[in-house]
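Participant: No letters, just coordinates:
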């Protein structure tokens, strides 16, 4: 039981030792004792500690915040990966040329898909039209949805603020 408890503690409270060259002359301070810190939380990578003891003693209060920060980092990483793939697809298939952009805009605004009554085009159909794999079409179309949602939310916010 004690060994199991130690494994759980080690798993949830691991820290990364950072080389001193990455710390800019001890600019990071321990979250517990304010001493210069060379270790940071392995999960959220945002809280610094001078020792494992300080990190373990802080875990109870840091745990909830850590999970939120780690989830935000994961979402940001996912966003970055998807954006890179969207850009790769857009460039590779020359989907940003004026003629292709116009074709895509017309396709997305005029066609409708039977499933869920959504406007747009199915990924397999889009893939055939532009000579790409269905998986690439899914990434491209999903990113378009993200952009449309962002634009709608931004316009909504502007209208509520009296700017639109």
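Facilitator: In hand now; what should we look at? Here the structure is a predicted model, which is why all the values come from computation and not from measurement.
Participant: And the spatially most central residue of the chain, how close does it get to residue 158?
Facilitator: Nearest residue to the geometric centre of the chain (C-alpha atoms, centre = their mean): residue 76, 2.1 Å. Counting by C-beta to C-beta, to the nearest Å, the separation of residue 76 from residue 158 is 24 Å. All C-beta spots, glycine's among them, are computed from the backbone N, C-alpha and C.
Participant: now residue 80
Facilitator: Distance, residue 80 to residue 158, using C-beta to C-beta: 26 Å.
Participant: Tell me how many other residues crowd residue 41.
Facilitator: 23 (other C-beta atoms under 10 Å).
Participant: and it, what pLDDT?
Facilitator: pLDDT for residue 41: 94.
Participant: Please report phi then psi for it.
Facilitator: Dihedral angles of residue 41 (phi, psi; degrees, to the nearest 10) stand at phi -60, psi 130.
Participant: For the nearest residue to it once chain neighbours are set aside, give me its contacts.
Facilitator: Distance criterion C-beta to C-beta, 6 or more residues apart in numbering; nearest residue to residue 41, sequence neighbours excluded, is residue 47 at 4.6 Å. Listed by C-beta atoms under 8 Å, 6 or more residues apart in numbering, the contact partners of residue 47 are 31, 40-41, 58, 62, 65-66.
Participant: before we move on, back to that, where's the residue nearest to the centre of the chain, which helix or strand?
Facilitator: helix 52-92 (DSSP states H and E).
Participant: Could I get the full set of strands for the protein?
Facilitator: 15-17, 39-41, 48-49 (DSSP state E).
Participant: looking at it, residue 32 is touching residue 56, isn't it?
Facilitator: No - with contact defined as C-beta atoms under 8 Å, residue 32 does not reach residue 56; the gap is 9.7 Å.
Participant: from the contacts of residue 47, which two are the most distant?
Facilitator: 40 and 65 (13.6 Å; C-beta to C-beta).
Participant: okay, the two: which has more neighbours?
Facilitator: residue 40 (20 against 13).
Participant: The more buried one - nearest residue in space that isn't next to it in sequence?
Facilitator: Counting by C-beta to C-beta, 6+ apart, the residue nearest residue 40 is residue 48, at 4.8 Å.
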